[in-house]
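[1] Pasting the sequence and the predicted coordinates here, then a few questions.
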Amino acid sequence: MYKNKVEIKQKAKKRIRKRIRKKISGTAERPRVFVFKSNRYIYTQVINDENSEVLVSASTLEKDFREKHKNHKNLETSQVLGEILAKRLKEKKIKKIIFDRGIYPYHGRIKALAEGIRKEGIAF
């Protein structure tokens, strides 16, 4: 039995990620958009799981993003981050993706990020 609460939470998160990754996999035509949300920032990566390579990434930690948006924990900045990621996907000529929200529920900043990607015309 685990005595440390942090260890219990980490094991649960790993179990959830493993369950999701059984169902979701990215390809060259339809890569997977992985989202990691910390208390301060949001990080996104577009991954081709067949070749195990990261095609595109974007985060609220980037220098040009932080200069334009002082508060990076609200819904508007999450939506802007989604639009930035979608523009980078269009440059790589990717029109369809698989959205991997990870362990986070689909509401709040994660939902705003997804809506920002859809707003630019990327389908998933």
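    Nice, I can see it. Numbering: from 1, shown residues only.

[2] Helix, strand or coil: sort out the most centrally placed residue in the chain for me.
    The chain has Val35 as the residue nearest its centroid, 2.1 Å off, counting by Cα atoms, centre = their mean. Under DSSP: H, G, I helix; E, B strand; the rest coil, Val35 falls in the strand class.

[3] Tell me the bridge partners for it.
    Beta bridges link Val35 to Thr44, judged by DSSP bridges.

[4] So Ile94 is in contact with Pro31, correct?
    Yes - counting by Cβ atoms under 8 Å, Ile94 does reach Pro31; the two are 6.4 Å apart. For every residue, glycine as well, the C-beta is placed using N, CA and C.

[5] Find the residues that touch each one of these two.
    Taking Cβ atoms under 8 Å, 6 or more residues apart in numbering as the contact rule, Ile94 and Pro31 both touch Val46, Leu55.
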